[in-house]
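Student: My questions are about this predicted structure, shown below with the sequence.
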Amino acid sequence: MKGWVFTLMIGVFFSCAKSKNDENIKDLILSQLKNTHNTQEWFAPTETALKGLTYEQAIWQDSTANHSIAELVTHITFWNEMNLKSFNDLEVSDKAVKNDKTFQVPTEEEWSITLKRLDSVQTEWETAVEHADLIKIQDWAEEITNMSAHTGYHTGQIVYIRKQKGWWK
């Protein structure tokens, strides 16, 4: 009898722990999305990395054909937006796009719109995750965390360029 009760208690404990961990995954994913958007924890989020950047600075490119900050922003925005459409079960018409085509240089007039679009997409991601059910979050957890890592990686490049050029406080 004691063994049966112990086994039942262990089963309930692990079931509750798993349930708690499943619920925490949404908080973890939201935290990562916010960390790459506008909450500074271990590294600069996009909001901080792009703050005060001029258009001339954004389009600066070195002679080795590395991407400009503007190109990095359009690239991040493109993939975050594509993933968001897919997450929201919307038609994704650009599935066959080649990755190198996602690095675009907006015009000076488009630059502020480009920055607002990135901010909007990141905010929409946070809202979508907040409202998604646990099953969807579990299904998408790896994709979303990879996307956040991708955003963080390119944001690090943006900060590096700014530091290299003396455009970072």
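Tutor: Looks like it came in fine. Numbering: from 1, shown residues only.
Student: in this structure, which ranges drop under the pLDDT threshold?
Tutor: Filtered on pLDDT under 70, the chain yields the residue ranges 1-23, 94.
Student: switch the cut-off to 80
Tutor: 1-23, 93-96 (pLDDT under 80).
Student: contacting residues around the residue nearest the centre of it?
Tutor: What sits nearest the mean C-alpha location of the chain, by Cα atoms, centre = their mean, is Ser148, with 3.4 Å. Applying Cβ atoms under 8 Å, 6 or more residues apart in numbering to Ser148 gives the contacts 29, 32-33, 35-36. Placement of C-beta: from N, CA and C, glycine included.
Student: Need the residues you listed in CSV (columns: distance to Lys95 and neighbour count).
Tutor: What follows is the contacts of Ser148, written out as CSV (distance: Cβ to Cβ, whole Å; neighbours: other Cβ atoms under 10 Å):
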residue, distance to Lys95, neighbour count
Ile29, 24, 21
Gln32, 25, 20
Leu33, 23, 26
Asn35, 28, 18
Thr36, 24, 28
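Student: Turn those into a markdown table, including distance to Trp111 and secondary structure.
Tutor: Shown next, in a markdown table, are these (distance: Cβ to Cβ, whole Å; DSSP: H, G, I helix; E, B strand; the rest coil):
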| residue | distance to Trp111 | secondary structure |
| --- | --- | --- |
| Ile29 | 30 | helix |
| Gln32 | 27 | helix |
| Leu33 | 24 | helix |
| Asn35 | 25 | helix |
| Thr36 | 21 | helix |
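Student: Name the nearest of those relative to Glu71.
Tutor: Thr36 (18.0 Å; Cβ to Cβ).
Student: and the closest residue to Arg162 other than its chain neighbours, how many residues sit next to it?
Tutor: In space, Arg162 comes closest to Trp168 once its chain neighbours are excluded; the distance is 4.1 Å by Cβ to Cβ, 6 or more residues apart in numbering. Close neighbours of Trp168, defined as other Cβ atoms under 10 Å, add up to 16.
Student: ok, Trp168 touching Val159?
Tutor: Yes: look at Trp168 against Val159 with Cβ atoms under 8 Å: they come within range, at 6.5 Å.
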